[in-house]
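Novice: My questions are about this predicted structure, shown below with the sequence.
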Protein chains: 2
Amino acid sequence: MTDGIATIRYLTTASFGFGASQLIGEALAECGIRRPLIVTDPGVRATGIADQVVSALPASQEMTWFDRSPPNPTEAAVREATEAFHAGGCDGIVTIGGGSSIDLGKGVALLATHEGPLLRYAAVESGMDRISARVIRTIAVPTTAGTGSEVGRAAMINVDGRKLDFISPHLFPARALCDPGLTLGLPPYLTAATGMDALTHCIETYLSPLVNPPAEAIALDGVERAARWIEEATNDGNNRKARWNMMMASMEGALTFQKGLGAVHAMAHPLGALDELPLHHGTLNAVLLPAVLRYNEPAATEKYDQLRRVTGLATGDDLATWVAQLNGRIGLPDGLAAMGVPSEVLPDIAEYAEHDPATETNPRPATRADYEHMLQASWSD
Amino acid sequence: MTDGIATIRYLTTASFGFGASQLIGEALAECGIRRPLIVTDPGVRATGIADQVVSALPASQEMTWFDRSPPNPTEAAVREATEAFHAGGCDGIVTIGGGSSIDLGKGVALLATHEGPLLRYAAVESGMDRISARVIRTIAVPTTAGTGSEVGRAAMINVDGRKLDFISPHLFPARALCDPGLTLGLPPYLTAATGMDALTHCIETYLSPLVNPPAEAIALDGVERAARWIEEATNDGNNRKARWNMMMASMEGALTFQKGLGAVHAMAHPLGALDELPLHHGTLNAVLLPAVLRYNEPAATEKYDQLRRVTGLATGDDLATWVAQLNGRIGLPDGLAAMGVPSEVLPDIAEYAEHDPATETNPRPATRADYEHMLQASWSD
């Protein structure tokens, strides 16, 4: 299974397998891109991964680099990269990196062809209809497993200090080159954190009550893969099978976004927007997941039986405990306190969470008070 | 679950649920269609279903009818319907019916904008690249559950006496309106035959060795639904839950076509092309499935465990026997002989099957001799 490159078409076209990143030349040609802007971040550039991917292109290939993608995309960074896009006479974008770089690339694809400021295109401003097919074509090459943003239609960008969602079918990358080989060197902590991001996507989309059996089937498959392989991927980064399955779980978690997320993300969104404290989205998801699993169970008992089945638990076992213990084994913090979250922000976080779009697809309705309880339950072990 | 209309986006956009066919006006507007050609067959027209669907449109809606779709689409019928398309100054197509009408509509969508004859666009003539984005937009409204053609990129059309596949991403219907309500009156025999078509699609795509976990997850879900509900749908046509689930299984079986089919279809294709004997594709699949399941098992033991799990069988149970007995309970023939297939054609059928594209994705390689054995094993009970 882990050999060969598979083509998977669901809304987007993904080439998945070891070596898939070497298809960058074909992808550019298929998308009619002759002068790409290569978007990556300093960390990925420093590993040599981005240059390695680009080295598959002929020496004559025209391209412009933007390797200053910040840890979380900001409107300022989008503008800077867009200037580089125009200065280079670019006609397409290749993003190589984690969700931040991929989302930055989507921001450039938008701003390069739509009049700013970005705010008017944000989902909270009903901006989806203002995003047209003029969006520049992007090819996404993920280096984590991950946000799954390479097959997603959204970008999360900090605008005026707020983490805003930009959502449009035009923002789907034209091609995703999902190469598990690029994650072989991903350090254990990032492997664990991004892996829990993938697991949480799969669990939350699975539990969402929206009717979509195909998405639900994919989500459950992603839960099974992530649960089975996250420890191995964390402890033995060179395990190819583990890396393959974690990237597949990551992609599957994003293929299912159309089902909507849930309470974990409703809290992770505002927690991830605390300027003074940059918290990793995947780690936040991991730390919040146990309390949410306990909260949701009464509303989804049959689905929990399925979740226990695919995670190898017995009928009476507690899913939340399993996640908390898994977090411990893969080196993630045991609570928000350990992550440095100041307790004073919790009431505000609960208020935001109650109004976050993700709360609408949580299997059990949650009020501000419920969120305060879940946050307190996620405080420490 | 069976209430409400869900939007499911995988390559195409499907509105799924009781009443979804009433969204025809919105669908036309979203697709920019102002003068549709309505394609259906005499049988569906006679039931009143097609007129009922169309009645959701305002009385002022311009439209042209073509209700002479034959039991299997022919190039002649495609040409006739295309003339009606041009004569009516149409700018879009709505197909209401089973796979035959939906495929005829795809043929019109192609021929109305591409110079004939049809042969040059057939897959066997490497015609995919000759099919361009000029293809007319179609909205598919299935009345069986079914071929799943409403979410598929292929059309099967008789050209010069041969059943040829026309395959292109441009042939995906722009919208599928999957309304289980339209199948409430589907007679038991057609319910059983088209239901086994759906089950076979799900089983064959699941067993295909191509790597595509999302498709595989969807296929397995489709097997579970079809296995659970086909008898109820056949015996109690008014059972809404049964009709909903059979239409979902049908749609899922086509969402997974990208995995490729297998030995059942490799034989069903040439058997379905016998001019002197029009055989129902779904019934053929049902009759051929037990022998193929026996043949394939050594090559897919782990997947067979999953198939047993989702069909409610125990570890030692024989999947092939279960299918054969199911066929009997839902009133399908017990073999090719009972369908009137002349034994003299079997060697030729085996020869064709060996070279049918579907054989390439059968989990176990099959030669002409193997196909002769499977055909003989499918001869009678």
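Specialist: Sure, I can see it. Numbering: from 1, shown residues only, chains lettered A, B, ... in the order given.

Novice: Just say helix, strand or coil for the one residue sitting closest to the centre of chain A.
Specialist: For chain A, the residue sitting closest to the mean C-alpha position, by CA atoms, centre = their mean, is A:T147 at 1.6 Å. Three-state call for A:T147 (DSSP: H, G, I helix; E, B strand; the rest coil): coil.

Novice: Test my guess that it contacts A:S101.
Specialist: No. With contacts counted by CB atoms under 8 Å, A:T147 stays clear of A:S101, the gap being 10.3 Å. All C-beta spots, glycine's among them, are computed from the backbone N, C-alpha and C.

Novice: Against chain B, how distant is the residue of chain A most remote from its centre?
Specialist: If you look at how far each residue of chain A sits from its centre, by CA atoms, centre = their mean, the farthest one is A:S60, at 33.3 Å. Distance of A:S60 to chain B, computed by CB to the nearest CB, to the nearest Å: 27 Å.

Novice: okay, that residue: pLDDT?
Specialist: Note for A:S60: predicted pLDDT of 95.

Novice: distance of the residue nearest to the centre of chain A from A:P73?
Specialist: Separation of A:T147 from A:P73 (CB to CB, to the nearest Å): 12 Å.

Novice: Which residue ranges of chain A form helices?
Specialist: A:24-30, A:42-47, A:49-54, A:75-87, A:99-111, A:188-207, A:213-235, A:240-255, A:263-271, A:281-296, A:301-310, A:319-329, A:346-355, A:368-377 (DSSP state H).

Novice: Would you mind finding the most buried of the ones you listed?
Specialist: Ranked by mean neighbour count under mean count of other CB atoms under 10 Å in any protein chain shown, these are led by helix A:99-111, which reaches a mean of 29.

Novice: just how off-centre is it within its chain?
Specialist: 13 Å (CA atoms, centre = their mean, to the nearest Å).

Novice: Report the angle between that helix and helix A:188-207.
Specialist: If you take axes from the mean of the first three to the mean of the last three CA atoms, to 10 degrees, helix A:99-111 sits at 60 degrees to helix A:188-207.

Novice: Keeping just the C-alphas, turn helix A:99-111 into CSV.
Specialist: The C-alpha coordinates for helix A:99-111 follow below in CSV (Å, rounded to 0.1, in the frame of the first residue of the first chain):
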residue,chain,number,x,y,z
GLY,A,99,-1.3,24.8,7.2
SER,A,100,0.0,28.3,7.7
SER,A,101,1.9,28.4,4.5
ILE,A,102,-0.9,26.7,2.6
ASP,A,103,-3.4,29.3,3.9
LEU,A,104,-1.0,32.1,3.2
GLY,A,105,-0.9,30.9,-0.4
LYS,A,106,-4.6,30.9,-0.5
GLY,A,107,-4.6,34.5,0.8
VAL,A,108,-2.2,35.5,-2.0
ALA,A,109,-4.3,33.7,-4.6
LEU,A,110,-7.2,35.9,-3.4
LEU,A,111,-5.6,39.2,-2.9
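
Novice: Now the residue in the stretch 51-200 of chain A that chain B sits nearest to. Nearest residue, chain neighbours left out?
Specialist: Taking CB to the nearest CB, chain B has its nearest neighbour within the stretch 51-200 of chain A at A:P169, 8.3 Å off. The shortest distance from A:P169 to any non-neighbouring residue, by CB to CB, 6 or more residues apart in numbering or on different chains, is to A:R153 (5.5 Å).

Novice: measure that neighbour to A:T311 for me?
Specialist: Distance check for A:R153 against A:T311: by CB to CB, it reads 28 Å.

Novice: With A:F18 instead?
Specialist: As judged by CB to CB, A:F18 and A:T311 stand 26 Å apart.
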